[in-house]
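> here's my sequence, what's the structure:
(one chain, ligands or ions: 1)
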Amino acid sequence: MARYPGLSRFLTEYTWKVQHMPPFAGTKSMKVRIRSFFAILALVAVLRPLPAAALDETTRRLARDIFQQLIEINTTDSVGSTTLAAEAMAKRLIDAGFAREDVAVLGPNSRKGNLVVRLRGSGGPRKPILIIGHLDVVEARREDWTTDPFQFAEKDGYFYGRGTQDMKANDAILITTLIRFQRENYRPDRDLILALTADEEGGKSNGVDWLLKNHRDRIAAEFVLNADSGGVTTVKGKAVNVDVEASEKLYADFQVSATNPGGHSSLPVPDNAIYHIAAALGRLERTPFPFELNAVTRSYFERRASLEAGQTAADMKAILRTSPDAGAVTRLSAHARYNSMMHTTCVATMMSAGHAPNALPQLAKANVNCRILPGHSAEEIRQELGRIFVDPKIAVRYVDDGGTVYDRTPEKKAFPSILPPAEILKPLARIADEMWNGVPVIPSMETGASDSIYTIAAGLPSYGINGVAIDQDDIRAHGKDERIRVSSYYDGVEFYYRYLKALTSPQ
Ligand SMILES: [Zn+2]
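Alright, predicted model coming up:
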């Protein structure tokens, strides 16, 4: 975690030399030794709170104030408003000198506003970069939490509050960065557009989708940086790697149903809707989708193997061979995360059946949720489910976000899987080297879903990138007592400042 690896190595060596000087060097030189030892301690103390050394006090205060303000504006779907958060950020940007026409709060209704701001570039030929983040947060109940989830709190080196991890830290970081650029009068060589949006976590007014449909011109860009994914993985505060989300699985829900004339439960017959569904789901459970790697997951396992040891490292190498080792695939598949990276997954998530305790069921249905590997469409998977169930009594229908059910999947999109270009990766690797002591940058595939599904579907290459470090075993997004290390937050502030500059300054 040394921000100045060379210097701290020098200091360690020098401190060692001072401490091991011959003991009888005379009083004067003893004093010098003591003085220089303390001078070094002081230097180390100045350098050790690494983020503090990088950020000036004004920026720190600004970054903290914005973060606090965002946490304390409730943006849940049930009672909150992303409009209030978007307007508060718009005001800060205009106060900092952004032209009014470059800052807009747009949305389908008064509670689901989205902020779109443009930092004008120097007018070069390159198309803008769009950066996205969501303002909404998952519900949080006061009684479940130790602190009030909608009060920003600093305790034991952490910031607490709903959205500290997911993802108001990065929203605040991006607003801070644009304000810093504006204050410095920094002109990027292309426009930077930031969209902070509604309903990523749920709700019916997804802001990215809405902006793409209603204000495409305002967010037209060459590619997208999504600050909601990627990030720095740490173990007990020590950086292990920097993730870049380079690809995403496709999300699809299917309704699996069986109907039956039913009848009196005192006269059962073998043809029973519930049994049909139960048998079908049993077959689904026993039939994994085929093992498959793509450019992104292949490179992920290649790099990950070098960070692992023993059987796991060997297995990761074995699945990369031209004929992948079946035993290795099975062993890695026992790990939910690796399993989800190697397979399309479909899992039963909801069920309902029957209409009375003393009647044979006329309808039984289940929701099967699929996360589909790049290169495959939802319709292909719908048909595959039919083949797995091998039961003509069972219908498999596609269900869209709004709950509408279709016999065939109307959209046939299949996401591509492409590794991020050098333009994205090179500056990222350089900054990872400067800030996190050269830990590897690992492109990965999002196995859940982020707002990148909309931008990817709209044909915009999208990369999940941010510089906030979260401990591998301290992931509290959506959970209770959500928190982020204070130092991680300020590192994240510094990261986006450096990264956006690297992307928009002619080399
Ligand atoms: Zn999120």
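> tell me the secondary structure for residue 321?
coil (DSSP: H, G, I helix; E, B strand; the rest coil).
> what's the burial count for residue 481?
18 (other Cβ atoms under 10 Å). Every C-beta, even on glycine, is put in place using the N, C-alpha and C of the backbone.
> what distance do you get for it to residue 139?
15 Å (Cβ to Cβ, to the nearest Å).
> check residue 126 too.
41 Å.
> which residues touch the most centrally placed residue in the chain?
Closest to where the C-alpha atoms of the chain average out (Cα atoms, centre = their mean) is residue 229, at 2.0 Å. Residue 229 makes contact with 243, 245, 446, 450, 452, 464-466, according to Cβ atoms under 8 Å, 6 or more residues apart in numbering.
> again, but for residue 244
Contacts of residue 244 by Cβ under 8 Å, 6+ apart are 230, 420, 424-425, 428, 441-444, 463-465.
> in helices, which of those residues fall?
424-425, 428 (DSSP state H).
> can you put these in a markdown table and add distance to the ion and neighbour count?
What follows is those, written out as a markdown table (distance: Cβ to the ion, whole Å; neighbours: other Cβ atoms under 10 Å):
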| residue | distance to the ion | neighbour count |
| --- | --- | --- |
| 424 | 20 | 21 |
| 425 | 23 | 18 |
| 428 | 20 | 23 |
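> of those residues, closest to residue 325?
Using Cβ to Cβ, residue 425 is the member of these that sits closest to residue 325, with 29.1 Å.
> buried set for stretch 56-64?
59-60, 62-64 (16 or more other Cβ atoms under 10 Å).
> any idea how far it is from the chain center?
In terms of Cα atoms, centre = their mean, to the nearest Å, the centre of stretch 56-64 is found 25 Å from the chain centre.
> repeat for stretch 455-470
For stretch 455-470, the distance to the chain centre is 8 Å (Cα atoms, centre = their mean).
> next, the buried residues of that stretch.
Neighbour-count burial for stretch 455-470 [16+ other Cβ under 10 Å]: 455-457, 460-470.
> try stretch 171-186
Buried residues in stretch 171-186 (16+ other Cβ under 10 Å): 171-181, 186.
> where does the stretch 301-450 of the chain dip in pLDDT?
For the stretch 301-450 of the chain, no stretch is flagged by pLDDT under 70.
> where does the stretch 201-350 of the chain get nearest to the ion, which residue?
Ranked by Cβ to the ion, the top residue of the stretch 201-350 of the chain for proximity to the ion is residue 228, at 4.3 Å.
> am I right that that residue is in contact with residue 167?
Yes. Applying Cβ atoms under 8 Å, one finds residue 228 in contact with residue 167, separated by 5.0 Å.
> joint contacts of these two?
133-134.
> so those two - more neighbours on which side?
residue 167 (29 against 22).
> now do that one, the pLDDT please.
Confidence at residue 167, expressed as pLDDT, is 96.
> look up how far residue 474 lies from it.
Taken as Cβ to Cβ, the span from residue 167 to residue 474 is 16 Å.
> go on, residue 122?
41 Å.
> compare neighbour counts for those two and give me the winner.
Between residue 122 and residue 474, residue 474 has the larger neighbour count (other Cβ under 10 Å), namely 15 against 12.
> send me stretch 163-180 as PDB with only the CA atoms.
Taking C-alpha atoms only, stretch 163-180 is exported to PDB below (Å, rounded to 0.1, in the frame of the first residue of the first chain):
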ATOM      1  CA  GLY A 163     -24.600   3.800   0.200                       C
ATOM      2  CA  THR A 164     -21.100   4.200   1.500                       C
ATOM      3  CA  GLN A 165     -20.100   1.200  -0.600                       C
ATOM      4  CA  ASP A 166     -22.900   1.000  -3.100                       C
ATOM      5  CA  MET A 167     -22.300   3.600  -4.500                       C
ATOM      6  CA  LYS A 168     -22.500   7.100  -3.100                       C
ATOM      7  CA  ALA A 169     -18.700   7.100  -2.400                       C
ATOM      8  CA  ASN A 170     -18.000   7.000  -6.100                       C
ATOM      9  CA  ASP A 171     -20.900   9.500  -6.900                       C
ATOM     10  CA  ALA A 172     -19.200  11.900  -4.400                       C
ATOM     11  CA  ILE A 173     -15.800  11.100  -5.800                       C
ATOM     12  CA  LEU A 174     -16.900  11.900  -9.400                       C
ATOM     13  CA  ILE A 175     -18.600  15.200  -8.400                       C
ATOM     14  CA  THR A 176     -15.500  16.200  -6.400                       C
ATOM     15  CA  THR A 177     -13.300  15.400  -9.400                       C
ATOM     16  CA  LEU A 178     -15.300  17.500 -11.800                       C
ATOM     17  CA  ILE A 179     -15.300  20.400  -9.300                       C
ATOM     18  CA  ARG A 180     -11.600  20.100  -8.900                       C
END
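> can it be found next to the ion?
Yes. Residues of stretch 163-180 contacting the ion under Cβ under 5 Å from the ion: 166-167.
> quick one: distance of that stretch to the chain centre.
14 Å.
> how about stretch 465-478?
On Cα atoms, centre = their mean, the centre of stretch 465-478 falls 9 Å from that of its chain.
> the stretch 201-350 of the chain: strands as residue ranges?
223-226, 231-235, 238-248, 250-259, 263-264, 345-353 (DSSP state E, counting those that start in this stretch).
> scratch that, the stretch 351-500 of the chain is what I was asking about
Using DSSP E, counting those that start in this stretch, strands in the stretch 351-500 of the chain cover 359-360, 363-372, 394-399, 405-406, 441-446, 462-464, 469-471, 483-485.
> make JSON lines from the ones you listed and add distance to the ion to it.
Output for the strands of the stretch 351-500 of the chain, formatted as JSON lines (distance: least, Cβ to the ion, whole Å):
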{"stretch": "strand 359-360", "distance to the ion": "44"}
{"stretch": "strand 363-372", "distance to the ion": "16"}
{"stretch": "strand 394-399", "distance to the ion": "23"}
{"stretch": "strand 405-406", "distance to the ion": "28"}
{"stretch": "strand 441-446", "distance to the ion": "11"}
{"stretch": "strand 462-464", "distance to the ion": "10"}
{"stretch": "strand 469-471", "distance to the ion": "12"}
{"stretch": "strand 483-485", "distance to the ion": "13"}
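> which one of those lies nearest to residue 148?
Per Cβ to Cβ, nearest to residue 148 of the strands of the stretch 351-500 of the chain: strand 483-485, 13.3 Å.
> what helices and strands are in contact with the closest one?
If you count contacts as 3 or more Cβ pairs under 8 Å, 6 or more residues apart in numbering; DSSP states H and E, strand 483-485 packs onto strand 158-160, strand 469-471.
> apply 6 Å and report the result again.
With contacts taken as 3 or more Cβ pairs under 6 Å, 6 or more residues apart in numbering; DSSP states H and E, strand 483-485 sits against strand 158-160.
> which residue comes closest to residue 349 once chain neighbours are left out?
residue 369 (4.6 Å; Cβ to Cβ, 6 or more residues apart in numbering).
> tell me which of the strands of the stretch 201-350 of the chain sits nearest to residue 155.
strand 231-235 (19.0 Å).
> so which bits of this structure are right by the ion?
Checking the chain against the ion by Cβ under 5 Å from the ion, the hits are 166-167, 228.
> turn these into a markdown table, columns for distance to residue 131.
Output for these, formatted as a markdown table (distance: Cβ to Cβ, whole Å):
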| residue | distance to residue 131 |
| --- | --- |
| 166 | 17 |
| 167 | 12 |
| 228 | 11 |
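> okay if I get the strands of the stretch 351-500 of the chain as CSV plus distance to residue 152?
Shown next, in CSV, are those (distance: least, Cβ to Cβ, whole Å):
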stretch, distance to residue 152
strand 359-360, 55
strand 363-372, 34
strand 394-399, 38
strand 405-406, 43
strand 441-446, 28
strand 462-464, 25
strand 469-471, 18
strand 483-485, 11
